[in-house]
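Peer 1: return a 3D structure for these sequence lines:
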Amino acid sequence: MQNCSSACGDITLLGNPKQDCSTSIRYTNLDRIWFYGCDIDLPNPITNIGMKDLYDNGLLVASSPLANITLGDPIIDEIQISDCAPTKKLIVGRQITAEDRVKIELTTHSPSSESPFFDHIFWEDKMEQEFQLRAMLSYCYGDVIIPVDKDGNPLTLSVLAFLNYQRPSTNSGKFVEFKSLSFDFNGDPLGLHIEPEWNYITAGIEP
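Peer 2: So this is what the prediction gives:
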């Protein structure tokens, strides 16, 4: 057949299994974003013990639980291969937005210091170091995915955080402060080739 790559060899299509399988609905939702430095070598293979060791040594940090996590549609690039065929579509980016509604006040006594707006400082730090950051995403039940491309390279990302306020539904007069967050990934952090690799709850991590 004209313009069919089967001329280069037989095409084998993967079908659904016909036995020893089950079908259902997968209930899941994202919960937190985790950060680590681009110079950090992740354990090989990835294990709960190895990831907990990174966390205990401050090389892996987690955000507070996030609210209103929204996944943007992937950003698509189109490449013209042939005038006789449709363009090839490539996913080159994706944005995730969320809100951090948790207030963190830090008080230490050795040495004595106070930080009544530590949650602000946390996100300022991530914006300042975004070019050196890599990220992971975790689900409510503890599973963690590591966004990588198909070659296994961690995706780069940009981080944007700014303050916002929500008007109360009652007449209490007390507005709720939250941090609006935006993470732009160079690639799809939820690509179909990415699966959970470890579980922070099973690892004994309490972020």
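
Peer 1: now the element after the helix or strand bottoming out on mean pLDDT in the chain, going C-ward?
Peer 2: When the helices and strands of the chain are scored by mean pLDDT, DSSP states H and E, strand 112-115 comes last with a mean of 67. Remark: after strand 112-115, the chain's next helix or strand is helix 118-128, criterion DSSP states H and E.

Peer 1: for the next helix or strand after that following helix, which strands pair with it and how are they oriented?
Peer 2: Moving toward the C-terminus from helix 118-128, the next helix or strand (DSSP H and E) is strand 133-139. Paired neighbours of strand 133-139 in the sheet (DSSP bridges): strand 30-37 (antiparallel), strand 143-145 (antiparallel).

Peer 1: now for those, which one comes closest to Asp20?
Peer 2: Nearest to Asp20 among those is strand 143-145 (22.9 Å), distances taken as CB to CB. In short, each C-beta sits where N, CA and C put it, glycine included.

Peer 1: next, the buried residues of the helix or strand in which Gly93 is found.
Peer 2: For Gly93, the host element (DSSP H and E) is strand 88-100. With burial defined by 16 or more other CB atoms under 10 Å, the residues of strand 88-100 counted as buried are Gly93, Arg94, Gln95, Ile96, Thr97, Ala98, Glu99, Asp100.

Peer 1: then stretch 160-171?
Peer 2: Ala161.

Peer 1: now the residue nearest to the spatial centre of the chain: how far from Asn57?
Peer 2: Central residue of the chain (CA atoms, centre = their mean): Leu137, 3.5 Å from the mean position. Separation of Leu137 from Asn57 (CB to CB, to the nearest Å): 21 Å.

Peer 1: quick one on the thing from earlier: and the strand holding Gly93, what does it pack against?
Peer 2: If contacts are counted by 3 or more CB pairs under 8 Å, 6 or more residues apart in numbering; DSSP states H and E, strand 88-100 sits against strand 30-37, strand 67-71, strand 75-79, strand 176-185.

Peer 1: export that strand to CSV, keeping only CA atoms.
Peer 2: The C-alpha trace of strand 88-100 is given here as CSV (Å, rounded to 0.1, in the frame of the first residue of the first chain):
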residue,chain,number,x,y,z
LYS,A,88,2.7,14.4,13.1
LYS,A,89,1.7,15.8,16.5
LEU,A,90,4.1,15.9,19.4
ILE,A,91,3.4,16.9,23.0
VAL,A,92,6.0,19.5,24.0
GLY,A,93,4.6,20.8,27.2
ARG,A,94,1.9,20.8,29.8
GLN,A,95,0.8,23.1,32.6
ILE,A,96,-0.5,22.1,36.0
THR,A,97,-2.1,24.7,38.2
ALA,A,98,-3.0,24.4,41.9
GLU,A,99,-3.5,26.2,45.2
ASP,A,100,-1.6,26.0,48.4
